[in-house]
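>>> pasting the structure only:
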């Protein structure tokens, strides 16, 4: 539709979905898309790998998923593909931290969809639906961001959805047809626009056309929008109307508002919690699907380790694909229907599957990197490194089946840390010796695995005891190896840790 009419505009938000489509397009189709981006008909806004949630996410993961989306767009479309406007129209409430991040990214503005129904009603009365969000008292004006709340969340005006999922009356402009309705439909649309003008200060008003799963029949939708624009704009001549409809984008809208030179109210706090109706607070997702939330946090930790070791060991492009699997899985997990736990169960399973694949691929990176970093001149025998990612349920094949092994601990933080290490071992009554990198013995204990852990569904370990020792002063962005071997002493397991 866009390539046939230079007046038409369309926006795209989540890079993950776009990238899936882009990978399947032939060269001639890619050339068309690049031309549409270059001339401003197709605009990327938001631009992250997904439209992230703002309550259950960590700022590190937010920045990562935005970075990955931007990188794909910039590498593909250059400067024209760089988003300039934030588009957080579906998350269930909004954090000033997101506004601060987007301000520091250089965004011109941020558009929101969902805010508390009472807050919205008050803002509409006082024409405060658009504001300057002073997102950080510490950063000051550097974190100030123009922010607007859309009138109808992100849906088309009532009665003006023209997709295959809709049953709204199409616009008929043939005056010889008994179904002619262009004038009537124009008046219906203008009535809705009048209500919007009462809620906003500017003479430019944004009207979203679309909704969930819309534009599956883009030709039908655009044809009706064309007819609507013509019917409304014709009234400038026939009825001295001062309303002018045109295709636009969020960046064009913000530019038009800026030209008006208006004064805006300010806001300093969050848009939390979000209530859509009386007694309808959207707060359950703060804690829903806690295991998936925990898995996502582990994913972030492992991704940071993976990126650091990839860089520190100077791995090449051939290993980058393994890293990108985790990047993209974590980017999807930041979605406002992923880490929040608001998805269906089958979808939650798929998110966990994607993240599991990311762990596997990232594990290849960490093992390759550590092998390279630990290599010593003259050592011909290759090191075999395996990750133990199920220590939370006291399961690790290496420590359970080998009596002698090396434990290498990596510290991804920028400061020294000390941690207790717990490894499941064979419960045959033998003691163990642990030596630090200098060969000095470390105090150890063999303690029973908690009974609740032994009953975790899906745990395949038969270990009933754990070897525990304290790793002291792990160097920042560095690693230490501890050497575990059996002792000749036979001991009775400790039933209560000392």
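Looks like it arrived, so ask away. Given the structure is predicted, the values throughout are model-derived calculations rather than measurements.
>>> just give the closest residue to residue 123, not the sequence neighbours.
Sequence neighbours aside, residue 129 is the residue nearest to residue 123 in space, at 5.0 Å (criterion: Cβ to Cβ, 6 or more residues apart in numbering). Placement of C-beta: from N, CA and C, glycine included.
>>> wait, the one you found sits on residue 148?
Yes: if you go by Cβ atoms under 8 Å, residue 129 and residue 148 touch, sitting 6.5 Å apart.
>>> please tell me how far the residue nearest to residue 123 sits from residue 112.
Separation of residue 129 from residue 112 (Cβ to Cβ, to the nearest Å): 10 Å.
>>> looking at the two, which one has more neighbours?
residue 112 (25 against 20; other Cβ atoms under 10 Å).
>>> run through the bridge partners of the more buried one.
residue 88, residue 149 (DSSP bridges).
>>> and it, what is it in contact with?
Shown in contact with residue 112 (Cβ atoms under 8 Å, 6 or more residues apart in numbering): 88, 89, 94, 147, 148, 149, 150, 271.
>>> same question for residue 301.
residue 412.
>>> and the gap between it and residue 64?
Residue 301 is 12 Å from residue 64, by Cβ to Cβ.
>>> likewise for residue 396?
For residue 396, the distance to residue 64 - Cβ to Cβ - is 28 Å.
>>> looking at the two, which is more packed in?
With neighbours defined as other Cβ under 10 Å, residue 396 and residue 64 compare such that residue 396 has more, 24 against 21.
>>> wait, doesn't that one sit right on residue 426?
No: at 11.5 Å, residue 396 does not count as touching residue 426 under the criterion of Cβ under 8 Å.
>>> now the helices for the stretch 51-200 of the chain?
Along the stretch 51-200 of the chain, counting by DSSP state H, counting those that start in this stretch, helices occupy 59-77, 96-104, 117-125, 182-197.
>>> shaky segments in the stretch 351-498 of the chain?
For the stretch 351-498 of the chain, residues meeting the criterion pLDDT under 70 lie at 378-382, 490-498.
>>> where along it do the helices fall?
Per DSSP H, counting those that start in this stretch, the stretch 351-498 of the chain carries helices over the ranges 397-401, 451-454.
>>> residue 37 touches residue 83, doesn't it?
No: Residue 37 is beyond contact range of residue 83, at 11.3 Å (criterion: Cβ under 8 Å).
>>> SS state for residue 8?
Using DSSP: H, G, I helix; E, B strand; the rest coil, the structure places residue 8 in coil.
>>> what about it, neighbour count?
Counted with other Cβ under 10 Å, the neighbours of residue 8 add up to 17.
>>> tell me which residues touch residue 442, please.
434, 435, 436, 469, 470, 482.
>>> farthest-separated two in those?
Spatial extent of these (Cβ to Cβ) is set by the pair 435 and 470 at 13.4 Å.
>>> please tell me how far the spatially closest residue to residue 401 that is not a sequence neighbour sits from residue 489.
Distance criterion Cβ to Cβ, 6+ apart; nearest residue to residue 401, sequence neighbours excluded, is residue 426 at 7.7 Å. Distance, residue 426 to residue 489, using Cβ to Cβ: 15 Å.
>>> and those two? which has more neighbours close in?
Higher neighbour count among residue 426 and residue 489: residue 426, with 18 against 10, using other Cβ under 10 Å.
>>> residues touching the more buried one, list them.
Counted by Cβ under 8 Å, 6+ apart, residue 426 has contacts 400, 401, 403, 463.
>>> next, it: phi, psi?
Main-chain torsions, residue 426, degrees, to the nearest 10: phi -60, psi 130.
>>> which residue is the nearest non-sequential neighbour of the residue nearest the centre of the chain?
Closest to where the C-alpha atoms of the chain average out (Cα atoms, centre = their mean) is residue 334, at 3.0 Å. Spatial nearest neighbour of residue 334, excluding adjacent residues (Cβ to Cβ, 6+ apart): residue 52 at 4.0 Å.
>>> likewise residue 61?
If the residues on either side of it in the chain are set aside, residue 61 comes closest to residue 300, at 4.9 Å by Cβ to Cβ, 6+ apart.
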